[in-house]
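Colleague: sequence first, predicted coordinates after that:
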Amino acid sequence: MKETIVVYHWWGDEKEQPIYSNMLHPIVLSIASLGAVNPTIKIIVLNCSKYNPLQNELGHFKEKLNFDIVPIDFTLEEHYSNVKGYQLLSRLFDIRKIDATNQLVIYCDSDVFWLKDPLPLECDPQKFCFDGFNSGFFYYDYDSPLVKEMFSVFDAYSITALRDKSFCKMIKEKTNYDAWPYIWDETVLRYMNENGMDHLFNVISINEHGAIRNINLFDKNKMK
């Protein structure tokens, strides 16, 4: 059986509020909620901050909440740091800096909270699994050929969107998604899934990943 790892993607500035009281990006609370429902699952925080993560509050909680910190640079920073919101688009590139051979990878945003153990996973991770819209939670088998194909197409579309404003505009119009970043991963993933590449995706149910704003649409007793 393959090991499952949960990956978070974090960046911040030492001038910001302490990490334990940051309610916009409450990563400490998210990790604590995951550890409460599955105390043995491996958790990795990719830290893209420009200061030593072991000297800030994240490092302080490392031992208490049993997770690893991996300092990395944004993959897209060198060539695209002038693009608004490039950090969000970079995360699907950044998580592949971890060698997850023979592992199942779960990605989790800092504002995702767990009510139940995420395992067993609902969908077959041989495809890239997300809810069809939101990239705050997704998972996949690192070794799957279909997943590798998905990332190859995702990379090509993302870089093209960064370099070609007309292509970027077309993707946004097709998905009706015009958020504050110039372009981000949710836009590209949804475009791919809805325009001829759905064979690369599994769409998870709202019970596996639901938003509070949709609380009337899912069974709270089944909600993970």
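Modeller: On my side now, so go ahead.
Colleague: just the residues contacting stretch 100-112, thanks.
Modeller: Defining contact as C-beta atoms under 8 Å, 6 or more residues apart in numbering, one finds that stretch 100-112 is touched by 2-10, 24-27, 30, 34, 91, 95, 98, 118, 121, 125, 135-143, 209. Quick note: C-beta positions are derived from backbone N, CA and C, even for glycine.
Colleague: show me which of those residues are buried.
Modeller: Among the contacts of stretch 100-112, the ones that count as buried by 16 or more other C-beta atoms under 10 Å are 4-10, 25-27, 30, 34, 91, 95, 98, 118, 121, 125, 135-142, 209.
Colleague: inside helices: which ones of those residues?
Modeller: Counting by DSSP state H, those place 27, 30, 34, 91 in helices.
Colleague: need the max-distance pair from these.
Modeller: 34 and 91 (17.9 Å; C-beta to C-beta).
Colleague: quick one, strands of the chain?
Modeller: 3-10, 42-47, 68-71, 103-108, 128-130, 137-141, 201-203 (DSSP state E).
Colleague: tell me which residue is most central in this protein.
Modeller: residue 107 (4.3 Å; C-alpha atoms, centre = their mean).
Colleague: kindly state the beta-bridge partners for that residue.
Modeller: Beta bridges link residue 107 to residue 7, residue 138, judged by DSSP bridges.
Colleague: tell me the confidence at it?
Modeller: On the pLDDT scale, residue 107 is placed at 98.
Colleague: same question, residue 52
Modeller: 61.
Colleague: how about residue 20?
Modeller: 77.
Colleague: touching, it and residue 58? I think so.
Modeller: No - counting by C-beta atoms under 8 Å, residue 20 does not reach residue 58; the two are 9.1 Å apart.
Colleague: and those two? Which one has more around it.
Modeller: Comparing residue 20 with residue 58 by other C-beta atoms under 10 Å, the one with more neighbours is residue 58, at 24 against 13.
Colleague: apart from its neighbours in sequence, what residue is nearest that one?
Modeller: residue 19 (5.4 Å; C-beta to C-beta, 6 or more residues apart in numbering).
Colleague: my read: that neighbour touches residue 57, true?
Modeller: Yes - counting by C-beta under 8 Å, residue 19 touches residue 57, with 4.0 Å between them.
Colleague: between those two, what contacts are shared?
Modeller: Common neighbours of residue 19 and residue 57 (C-beta under 8 Å, 6+ apart) are residue 28.
Colleague: and these two? which has more neighbours close in?
Modeller: Just comparing residue 19 and residue 57: by other C-beta under 10 Å the higher neighbour count belongs to residue 19, 21 against 17.
Colleague: what do residue 20 and residue 58 both touch?
Modeller: With C-beta under 8 Å, 6+ apart, residue 20 and residue 58 have common neighbours residue 28.
Colleague: near the nearest residue to residue 171 once chain neighbours are set aside, how many other residues are there?
Modeller: Distances taken as C-beta to C-beta, 6+ apart place residue 191 nearest to residue 171, at 4.8 Å, with adjacent residues excluded. When counting by other C-beta under 10 Å, one arrives at 21 neighbours for residue 191.
Colleague: how close does residue 191 get to residue 144?
Modeller: 21 Å (C-beta to C-beta, to the nearest Å).
Colleague: measure stretch 34-47 end to end?
Modeller: 19 Å (C-alpha to C-alpha, to the nearest Å).
Colleague: what is the top helix by length along the chain packed up against?
Modeller: Secondary structure of the chain per DSSP H: the longest helix is helix 145-163. Here helix 145-163 touches helix 86-94, strand 128-130, strand 137-141, helix 165-175, helix 185-194, going by 3 or more C-beta pairs under 8 Å, 6 or more residues apart in numbering; DSSP states H and E.
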